[in-house]
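S.K.: Could you work out the structure for the sequence below:
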Amino acid sequence: MKKSLFLISLAAATVLSAAEAVPAQDSKAVAMEGVKYIKMLGKELKGNLVKYLKQDPTGLQAAYFCAKSAEDLTKKVNEKFPPNVLVRRTALKYRNPKNKPDATDRKVMEKMMAEMKAGTFKKKPMVVKVGEAKRVYVPLIAEKTCLKCHGPADKIDPKVRETIAKKYPNDMATGFHEGDLRGVIVAEITPQN
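M.R.: Numbering: from 1, shown residues only. Next comes the predicted model:
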């Protein structure tokens, strides 16, 4: 167990070292800017999910919303941002193939998971530089309501499972428990020309 944790940490550190460290004085300002955009997307998505979960506690309406509208809502929210900012969601176990993580995303999440296992995880933004861009990563921690669509398959309502299977035949985003790292929201900020 300790050996695998060490290897995960080493792999994450290796890739993250390829992504340049952001100087501490810049990191705080970039994190604040990124979190501002992330909160805008999070508020829109979570507001809709809460509304649909109140209407239907099984999670079926929320699953329909995500399958039908979450991607479009994400695009609309991004249209409100400056042209050098893009906010997106990703996860190691993703549902929508359009949310597949790139190598840096993967290593950031692996680092977060290793910290969770080691008991050193702090739910705070992580800032990395990738090329000219600076990325702000905010962890998404699975809450009880998330488990209606993302929990262990045998605990998800059969109609919700059926809907997910129809919309996302290659879904990997189940099996989570409360407190697990569900994924991240990423704000990527590139220099303005």
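
S.K.: C-alpha only now, for contacts and for neighbours.
M.R.: Fine.

S.K.: Quick check: mean pLDDT of the longest helix along the chain?
M.R.: Identified as the longest helix of the chain according to DSSP state H is helix 24-55. If you average the pLDDT over helix 24-55, you get 89.

S.K.: swap in stretch 122-134?
M.R.: 94.

S.K.: List the buried residues for that stretch?
M.R.: 125, 126, 127, 128, 129, 130, 133, 134 (16 or more other CA atoms under 10 Å).

S.K.: Please apply the same query to stretch 36-49.
M.R.: Buried-residue list, stretch 36-49, by 16+ other CA under 10 Å: 37, 38, 40, 41, 42, 45, 48, 49.

S.K.: From residue 88, how far off is the third one?
M.R.: Counting by CA to CA, to the nearest Å, the separation of residue 40 from residue 88 is 11 Å.

S.K.: Tell me the first helix or strand C-terminal of the longest helix of the chain.
M.R.: Downstream of helix 24-55, the first helix or strand assigned by DSSP states H and E is helix 60-65.

S.K.: how far is that next one from where the chain is centred?
M.R.: 19 Å (CA atoms, centre = their mean, to the nearest Å).

S.K.: Show me which residues of the very next helix or strand once past that helix are buried.
M.R.: Once the chain leaves helix 60-65, the next helix or strand it forms, by DSSP H and E, is helix 71-79. Across helix 71-79, burial judged by 16+ other CA under 10 Å covers 71, 73, 74, 77, 78.

S.K.: Pick out whichever of those residues sits closest to residue 120.
M.R.: Nearest to residue 120, judged by CA to CA, of the buried residues of helix 71-79 is residue 74 at 31.4 Å.

S.K.: Isn't the closest one up against residue 88?
M.R.: Yes. The pair residue 74 / residue 88 is scored as a contact, 7.3 Å apart, by CA atoms under 8 Å.
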